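>>> Can you look at this prediction? I've put the sequence above it.
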Amino acid sequence: MTSIVPDHAVGSVPPGTDGRTAGDGRTGTAGGGRGDEGAVPAPLAPRARVFPSLAAVYRAQLSRARVARIPLLFVATFQSIGIMVLMRGVVDGGSEARAVVAGSSVLVVAFVALNLLAQYFGQLRAGGGLDHYATLPVPPAAVVLGAAGAYASFTVPGTVVTAVTGSVMFGLPLTHLWVLAAVIPLSGAALSGLGAALGLLAPRQELATLLGQLGMSAALLLGVLPADRLPAPIGWARDLLPSTYGVEALSRSFDARPDWTAVALDLGVCAAVGVLALAAATWAYRRAAVR
């Protein structure tokens, strides 16, 4: 087939060029050349550190809890105060009154940190919310610790109100209520770690809700009732409950001369259980996030 292009126009373009010339008369190369083949790739962004990520998750979860969980905090507080009113007709004072007030106060922590956190993580897993966190450069420990810390912090007002109200109602001293500054975070860590683990390990959202309710009921029955009135097998189950040691520490602080060694021992056990519970929750989060 005969070409209509003149012979002198064919082959005049050097190989490797597209025939376009720059304004200074230099011939440009096709495709801009291959000078980028040896370029060094851009460095990746540094890995997110645990503590800044933890602070970010904590603030986000605390803001969310303020909006969505305030009515439930009122329910938890009024529930504990109502239990103390009912027990007021049965218990007059002494060690039984101390156990009722301490158990009712820690029950507020159990209602929020164990029950609601189990429901939250169960809902997060069922609704695909864990996929959202998996796409963020946030370590798993920061997600679990941030949520647990936010829910535990959210219980502070209700726990303080319950403890003060119970102390006034049963005529207990208010002098050593500063122990709540240690009881709330340590009991909150243990119970929130347990609640997060239950919510993340439950195969269905409904089961996570059920486990959270059962855990709160156990904290109610085994924490509020005086320990010396429980049968021996129930007492052994009480010793396995993480909130028991927070209840014991707060109950001892109502004595005229508290045994601070025993209080510190109870708080140390509560702290150890909290570390184990949060570690288990972190493992459960990694397990649920990769599925």
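Cool, the structure landed.

>>> What's the mean pLDDT across stretch 244-259?
Across stretch 244-259, pLDDT averages out at 91.

>>> ok now that stretch, how far from the chain's centre?
With Cα atoms, centre = their mean, to the nearest Å as the basis, stretch 244-259 stands 27 Å off its chain's centre.

>>> For that stretch, buried residues please.
244, 245, 246, 247, 248, 249, 250, 251, 252, 253, 254, 258 (16 or more other Cβ atoms under 10 Å). The way it works is simple: take the backbone N, C-alpha and C, and place the C-beta from them, glycine included.

>>> And for stretch 107-123?
107-122.

>>> can you check stretch 198-213 too?
198, 199, 200, 201, 202, 205, 208, 209, 210, 211, 212.

>>> Extract the C-alpha set from it and format it as PDB.
What follows is stretch 198-213 as a C-alpha-only set of coordinates in PDB (Å, rounded to 0.1, in the frame of the first residue of the first chain):
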ATOM      1  CA  LEU A 198     -16.700 -10.800  77.200                       C
ATOM      2  CA  GLY A 199     -18.000  -8.500  74.500                       C
ATOM      3  CA  LEU A 200     -15.200  -9.300  72.100                       C
ATOM      4  CA  LEU A 201     -15.300 -13.100  72.700                       C
ATOM      5  CA  ALA A 202     -19.000 -13.500  72.500                       C
ATOM      6  CA  PRO A 203     -20.000 -14.900  69.100                       C
ATOM      7  CA  ARG A 204     -23.200 -12.900  69.000                       C
ATOM      8  CA  GLN A 205     -24.300  -9.500  70.200                       C
ATOM      9  CA  GLU A 206     -27.200 -10.900  72.200                       C
ATOM     10  CA  LEU A 207     -24.800 -13.200  74.100                       C
ATOM     11  CA  ALA A 208     -22.500 -10.300  74.900                       C
ATOM     12  CA  THR A 209     -25.500  -8.400  76.400                       C
ATOM     13  CA  LEU A 210     -26.400 -11.500  78.400                       C
ATOM     14  CA  LEU A 211     -22.900 -12.000  79.700                       C
ATOM     15  CA  GLY A 212     -22.700  -8.300  80.700                       C
ATOM     16  CA  GLN A 213     -26.000  -8.600  82.600                       C
END
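
>>> Distance from that stretch to the middle of the chain?
15 Å.

>>> before we move on, what about stretch 199-215?
15 Å.

>>> and what of stretch 201-218?
With Cα atoms, centre = their mean, you get 16 Å for stretch 201-218.

>>> Now for residue 70, how many residues are close by?
12 (other Cβ atoms under 10 Å).
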